[in-house]
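Visitor: I need the structure of the sequence given here:
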Amino acid sequence: MDGTLLKNQKVTEEELIAGGYKKYSGEDIDIFYNQSVCQHAGFCVRGSADVYEVGRRPWIIADNETAQRNVEIINTCPSGALKFIRKDD
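Guide: Numbers count the residues shown, from 1 in each chain. Prediction:
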């Protein structure tokens, strides 16, 4: 799934926040997560336990991987619960 799209449109921070996504800021990428959309498939945690650790607060730390690696992981999310906006584009 393309983590830059929401309803087949390029995502904006405002739309994601209004849609129930929570923002996790990084230096080069912001990751957005919507718990009500999540199917708990676990691709994110298996993709990088350094970024996604369920027992930690905050549970997502974007800067623990490169922006490119975060994009790769987010794009494996089958539900669309994870989205991203790159700051270096």
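Visitor: Output stretch 75-83 in PDB with nothing but the alpha carbons.
Guide: C-alpha atoms of stretch 75-83 as PDB (Å, rounded to 0.1, in the frame of the first residue of the first chain):
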ATOM      1  CA  ASN A  75       4.400   0.600   2.400                       C
ATOM      2  CA  THR A  76       4.100  -3.000   3.700                       C
ATOM      3  CA  CYS A  77       1.200  -2.000   6.000                       C
ATOM      4  CA  PRO A  78      -1.900  -3.800   4.600                       C
ATOM      5  CA  SER A  79      -4.500  -1.700   6.400                       C
ATOM      6  CA  GLY A  80      -3.300   1.800   5.700                       C
ATOM      7  CA  ALA A  81      -2.900   2.500   9.400                       C
ATOM      8  CA  LEU A  82       0.600   3.900   8.700                       C
ATOM      9  CA  LYS A  83       1.200   6.900   6.500                       C
END
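Visitor: what's the spacing between the lowest-mean-pLDDT helix or strand in the chain and its chain's center?
Guide: Each helix and strand of the chain was given a mean pLDDT (mean pLDDT, DSSP states H and E); the minimum falls on strand 5-6 at a mean of 88. The chain centroid and the centroid of strand 5-6 are separated by 12 Å, computed with C-alpha atoms, centre = their mean, to the nearest Å.
Visitor: Show residues contacting that strand.
Guide: Residues from elsewhere that reach strand 5-6, judged by C-beta atoms under 8 Å, 6 or more residues apart in numbering: 11, 15, 16, 19, 80, 83. C-beta coordinates here come from the backbone N, C-alpha and C atoms, glycine included.
Visitor: now the last one, what's its secondary structure?
Guide: Read that as residue 83. strand (DSSP: H, G, I helix; E, B strand; the rest coil).
Visitor: Buried ones only from the contacts of strand 5-6, please, as a ChimeraX command.
Guide: Buried subset of those, written as a ChimeraX selection, criterion 16 or more other C-beta atoms under 10 Å:
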select :11,16,80,83
